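A.B. asks: coordinates only, sequence not included:
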């Protein structure tokens, strides 16, 4: 499944990157292509994971950056980091399903955490994860994140977040001291 790559090159996304970012995020989390990797949400949610408008908003928002990781000219991973006061939010994290398990995700997370510390002097990184994603939460915990126990309900009926395949979904807030 995984394809080891060396150190990817990182750059900040621009409006021209919106469509490839949407395609990468969709491939990593939804539909049959996502089943090639381990981060799939296909058993929990159908539908779109993000939209071009949402990605463009993340790219153009103040105190916000979408980071792209590329290898041999191909987009292999992305994430969004946004300053929220003294904290930074980490989201839209996606790795090409065929490259998951090869280390690029860990490199992207380390880059994002360093960016949060150096660009905005953030002392804490936070993210929300679907609480039922036990394997994904364990991945983040191995990287120093802790589950705060703060839960928020999944926005059933808001198709921007996907089409739930089951009841009882909720988000949990993870955080890490930087």
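C.D. replies: Noted; the coordinates are in hand. All figures in this text were calculated on a predicted structure; none of them were measured in a lab.
A.B. asks: helix, strand or coil: sort out residue 135 for me.
C.D. replies: Per DSSP: H, G, I helix; E, B strand; the rest coil, the local secondary structure of residue 135 is helix.
A.B. asks: cool, and the one 5 residues further on?
C.D. replies: Secondary structure of residue 140, reduced to three states by three-state DSSP: helix.
A.B. asks: and the residue most central in space within the chain, which helix or strand is it part of?
C.D. replies: The chain has residue 93 as the residue nearest its centroid, 1.7 Å off, counting by Cα atoms, centre = their mean. Of the helices and strands defined by DSSP states H and E, residue 93 is found in strand 87-95.
A.B. asks: next structured bit after that strand?
C.D. replies: helix 104-120.
A.B. asks: need the contact partners of stretch 126-143.
C.D. replies: By Cβ atoms under 8 Å, 6 or more residues apart in numbering, the list of residues contacting stretch 126-143 from outside reads 38-39, 41, 44, 84, 87-91, 93, 105-106, 109, 145, 147, 151-152, 154, 168-176. Quick note: C-beta positions are derived from backbone N, CA and C, even for glycine.
A.B. asks: pLDDT weak spots in the protein?
C.D. replies: For the chain, residues meeting the criterion pLDDT under 70 lie at 1-6, 30-47, 164.
A.B. asks: for it, which segments count as strands?
C.D. replies: Using DSSP state E, the strands found in the chain span residues 9-12, 45-46, 64-71, 74-84, 87-95, 124-130, 146-153, 163-164, 170-177.
A.B. asks: which strands and helices sit next to the last one?
C.D. replies: Secondary structure elements in contact with strand 170-177, counted by 3 or more Cβ pairs under 8 Å, 6 or more residues apart in numbering; DSSP states H and E, are strand 124-130, helix 134-142, strand 146-153.
A.B. asks: report the buried residues of it.
C.D. replies: For strand 170-177, a neighbour-count test (16 or more other Cβ atoms under 10 Å) marks 171, 172, 173, 174, 175, 176 as buried.
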